[in-house]
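Peer 1: This is a predicted model, with the sequence first.
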Amino acid sequence: MEFELTHRPSYAHLVVELTAGETIMAEPGAMVSHTPSIAIETTSSRDGILSSAKSMLGGESMFANEFTAESELGTVTLSPPTPGDITHFELDGDTLYAVDGAYLASDPEIDIDSEFGGLKSMLAGASITPLALKGTGNVFVEAFGGIETVDLDHGESYVVDNEHVVAWEGSVEFDARRVGGLKSTLLSGEGLVMEFTGPGRVWYQTRGIDTFADAIARAIPGNGDDGSADADLF
């Protein structure tokens with residue numbers, strides 16, 4: 001498999017070249033275009049029914065599209081649903097964790113599963129269910145905005161707003177918690193954060209889609225501060 005990432009970081013576009021018999025798996029709706037030699041099959045058997053159901057808990061669809069070059073070299077182009085970047089990972093028997101909705105595409109040999117964030121995360125009200133990508137092969141992860149990288153030494157910690165987290169290596173320990181009490185949360189505009197402890201690497205996105213959506217809602221004429229339509233219009 002050969003690939004190229006274009007139009008980065010604002011409108012990243014993944015172009016994949018497949019030789020005869022090669023396959024790439026992608027989330028539904030990711031396909032932009034393909035050559036006639038590409039066959040498409042929709043499957044719900046990522047790693048069995050249980051894995052597919054658990055993946056839904058991680059914000060991913062239980063279905064995936066498989067693109068296969070049938071008789072000759074074929075090309076598939078994929079893109080995220082929102083403006084932003086795409087980053088590539090080459091796994092070698094290890095694990096990459098990604099947040100809800102970050103998975104874009106991968107080799108079909110990659111095992112896709114969901115793992116609960118642990119009791120501490122659940123008690124913090126985070127309800128974080130990271131998607132675990134395991135095995136050997138290519139993985140492509142999408143982000144809203146650009147992607148930044150943080151390298152952590154053993155025992156070194158770093159805190160990221162949960163809305164900005166994209167992915168982290170399996171060697172990194174993580175936990176989720178609220179920022180202060182209710183008053184702090186309301187006044188600071190911050191809610192949940194994730195704290196990562198090395199060794200390993202963490203990736204985060206430069207924009208948060210929920211914050212962006214709130215800003216757009218406030219900018220629309222007739223919307224009140226709470227995002228609802230102005231009562232005088234009715």
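Peer 2: Cool, got the structure. These numbers were taken from a predicted model, which means no experiment stands behind them. Residues are numbered from 1 along each chain as shown.
Peer 1: Who are the packing partners of the helix or strand Ile112 falls within?
Peer 2: Ile112 is part of strand 111-114 when elements are defined by DSSP states H and E. If you count contacts as 3 or more Cβ pairs under 8 Å, 6 or more residues apart in numbering; DSSP states H and E, strand 111-114 packs onto helix 49-57, strand 131-142. Every residue, glycine included, has its C-beta placed from N, CA and C.
Peer 1: pretty sure Ala215 belongs to a helix, no?
Peer 2: Yes - assessed with DSSP: H, G, I helix; E, B strand; the rest coil, Ala215 lies in a helix.
Peer 1: Compare the mean pLDDT across the helices and strands packed on strand 111-114 and name the weakest.
Peer 2: Lowest mean pLDDT within those: helix 49-57, at a mean of 40.
Peer 1: Relative to the whole chain's centre, how far out is the strand holding Ile112?
Peer 2: Its chain's average C-alpha position is 13 Å from that of strand 111-114, according to Cα atoms, centre = their mean, to the nearest Å.
Peer 1: Stretch 150-169 now?
Peer 2: With Cα atoms, centre = their mean, you get 15 Å for stretch 150-169.
Peer 1: Kindly report the same for stretch 63-70.
Peer 2: On the basis of Cα atoms, centre = their mean, stretch 63-70 is displaced by 20 Å from the centre of the chain it belongs to.
Peer 1: swap in stretch 94-111?
Peer 2: Taking mean C-alpha positions (Cα atoms, centre = their mean), stretch 94-111 and its chain are 8 Å apart.
Peer 1: Could you tell me the end-to-end distance of it?
Peer 2: Length of stretch 94-111, first residue to last, Cα to Cα, to the nearest Å: 11 Å.
Peer 1: Bridge partners for Tyr103, pull those for me.
Peer 2: Residues in a beta bridge with Tyr103, per DSSP bridges, are Val141.
Peer 1: Ile112 versus that one, what's the distance?
Peer 2: Plainly put, Tyr103 is 7 Å away from Ile112 if you go by Cβ to Cβ, to the nearest Å.
Peer 1: Perfect, I'm done here.
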